[in-house]
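K.L.:
the amino acid sequence is not available; the structure is as follows:
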Ligand code: ATP
């Protein structure tokens, strides 16, 4: 048990180290930092935005280009307000919250209880923690707010600010942000209220027929989309794990009613394989089936990854039935049906008109970013009996690394920068390269390790004689001598 404790504290230390690394090396900055930041809002820096874009491209390629029956769209963030009535978000997108009367701080009830359970675990009271979590799950499943408050009070769970147990009753709060559309009031003297989308999925549903008809898509088919989503998260902590403005990569797969179980299992497997294709160990992942299903789902699970803060959701797979399309049909009075002229073997007749069922895969881009950071961040002790040494290296899969190749002339003279520049010119149209001539070569290698650059080539005096350079491999630090003409080919073959 003592080991568990040290693991917990060293793991939270690890997350802190990753956060510092992200800031120091231009991956992630606190949003509006010069004004002391804005809670749960982050900006991606020069290398973070490259990494994010690479993750997005990797997802997009595997979900559209490699899936012949899935196409992508890019819908607007603002949607007609009735969209969110139809989707159920106006009435149901709530979280139970509780306020501490002394500090006035508001907590999401599940987060308050989970935080307490984490503290118990850190004190080696694992069984007690598990009991509270399972009690919470069953109370949440029944929407039993009185029971949840009793659980908080009976366990004397305190506010982290006031240190008291003086709690209000539990209430529901809607997580959607709203704003006003246009500058004029309507006939009733009200501004038109619109919401910032809390998920990208609805942009897909309202375009279902547009895409199906113009793309002549045949069921089963999917529509994919990446984009920003906004949620007024009350407990917004743990770095980019939970933000108020974040990005999702979602795909809605339209199927024949009655086939949802089979497709749900298929998409669970496909999405898990996508994660594993990045070389991440299977042990770091698990499925977590939902006990309490969302208002639209008949089955749902999360793909969880073992972050330094424990196993947490990175992606959701949801069997959404025909809930969304049916409701959009009802609210918009526009038919959302598909005519299926395939023959049903049971009746010998075409399946005919129906509202398709939907399997959704929904992954948070920022959570995937954090996952990759956690996976890649490695502190290595390189000390020898003669000398103490260490390095921090980000072992990203080369396809996702922000910079693929660093080109480094050994010295800033003797014509070496000119040769290095020619290598840059030859490669930079194909992948992201980085040129650097300042500092010792050792320091430059370390900086590239800290960005996760898989290859460094060094131009030295020998290059002038035989047109060869050394190529250094990030993870092994092994160096080979190769022909300049092979540089591009070697990098390209590693990043496909
Ligand atoms: P959670 O239980 O963590 O609040 P959720 O179940 O509400 O997440 P979904 O609505 O299923 O999440 O959204 C799909 C994905 O979007 C999640 O798996 C997650 O990766 C991402 N996501 C959701 N909320 C946030 C957020 N506030 N910040 C960053 N990513 C988020």
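P.N.:
Looks like it arrived, so ask away. Since we're looking at a predicted model, the values are computed, not measured.
K.L.:
ok, the residue in the stretch 301-450 of the chain that the ligand sits nearest to - how many residues close by?
P.N.:
Nearest residue of the stretch 301-450 of the chain to the ligand (CB to the nearest ligand atom) works out as residue 364 at 2.3 Å. (Each C-beta comes from the backbone N, C-alpha and C, glycine too.) Using other CB atoms under 10 Å, residue 364 has 23 neighbouring residues.
K.L.:
what is the neighbour count of residue 135?
P.N.:
Residue 135: 17 neighbours (other CB under 10 Å).
K.L.:
can I assume it sits in a helix?
P.N.:
Yes - applying DSSP: H, G, I helix; E, B strand; the rest coil, one finds residue 135 inside a helix.
K.L.:
just the element for the nearest residue to it once chain neighbours are set aside, please.
P.N.:
In this structure, residue 135 finds its nearest non-sequential neighbour in residue 151, 5.8 Å apart by CB to CB, 6 or more residues apart in numbering. Residue 151 is located in helix 145-154, with elements delineated by DSSP states H and E.
K.L.:
quick one: low-confidence parts of the stretch 351-496 of the chain?
P.N.:
Low-confidence segments of the stretch 351-496 of the chain (pLDDT under 70): none present.
K.L.:
distance check, the residue of the stretch 301-450 of the chain closest to the ligand against residue 302.
P.N.:
Residue 364 is 11 Å from residue 302, where distance means CB to CB, to the nearest Å.
K.L.:
which parts of this protein sit against the ligand?
P.N.:
199, 231, 233, 242-243, 246, 248, 313-316, 362-364, 366-367 (CB under 6 Å from any ligand atom).
K.L.:
and the residues you listed, which of them are in strands?
P.N.:
246, 248, 313, 314, 315, 316, 362, 363, 364 (DSSP state E).
K.L.:
verify the contact between the last one and residue 315 for me.
P.N.:
Yes - Residue 364 is in contact with residue 315 according to CB atoms under 8 Å; the separation is 7.4 Å.
K.L.:
now restrict the residues of the chain next to the ligand to buried residues only.
P.N.:
For these, a burial check counting by 16 or more other CB atoms under 10 Å picks out 199, 231, 233, 242-243, 246, 248, 313-316, 362-364, 366-367.
K.L.:
about what we covered before: give me the beta-bridge partners of the residue of the stretch 301-450 of the chain closest to the ligand?
P.N.:
Here residue 364 sits in beta bridges with residue 248, going by DSSP bridges.
K.L.:
contact partners for it?
P.N.:
Counting by CB atoms under 8 Å, 6 or more residues apart in numbering, residue 364 touches 246, 247, 248, 249, 314, 315.
K.L.:
can you redo these as CSV with pLDDT?
P.N.:
CSV is the format used below for those (pLDDT from 0 to 100):
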residue, pLDDT
246, 97
247, 98
248, 98
249, 98
314, 98
315, 98
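K.L.:
pick the one among these closest to residue 483.
P.N.:
Closest approach to residue 483 among the contacts of residue 364 (CB to CB): residue 249, at 39.5 Å.
K.L.:
what's the burial count for that closest one?
P.N.:
The number of residues packed near residue 249 is 22, by other CB under 10 Å.
K.L.:
confirm residue 339 sits in a helix?
P.N.:
No - per three-state DSSP, residue 339 lies outside any helix segment and is strand.
K.L.:
can you start the count at 250 instead of 1 from here on
P.N.:
That works, and once the first residue is 250, the last one we named lands at residue 588.
K.L.:
what bridges to it?
P.N.:
Counting by DSSP bridges, residue 588 forms beta bridges with residue 602.
K.L.:
enumerate every residue touching residue 298.
P.N.:
Going by CB under 8 Å, 6+ apart, residue 298 touches no other residue.
K.L.:
likewise for residue 379?
P.N.:
Per CB under 8 Å, 6+ apart, neighbours of residue 379: residue 366.
K.L.:
what angle do helix 394-403 and the one helix or strand it maps to make with each other?
P.N.:
Residue 379 belongs to helix 375-390 when assigned by DSSP H and E. Angle of helix 375-390 versus helix 394-403, following axes from the mean of the first three to the mean of the last three CA atoms, to 10 degrees, is 160 degrees.
K.L.:
would you mind listing the buried residues in helix 375-390?
P.N.:
Judged by neighbour count using 16+ other CB under 10 Å, the buried positions of helix 375-390 are 378, 381, 382, 384, 385, 388, 389.
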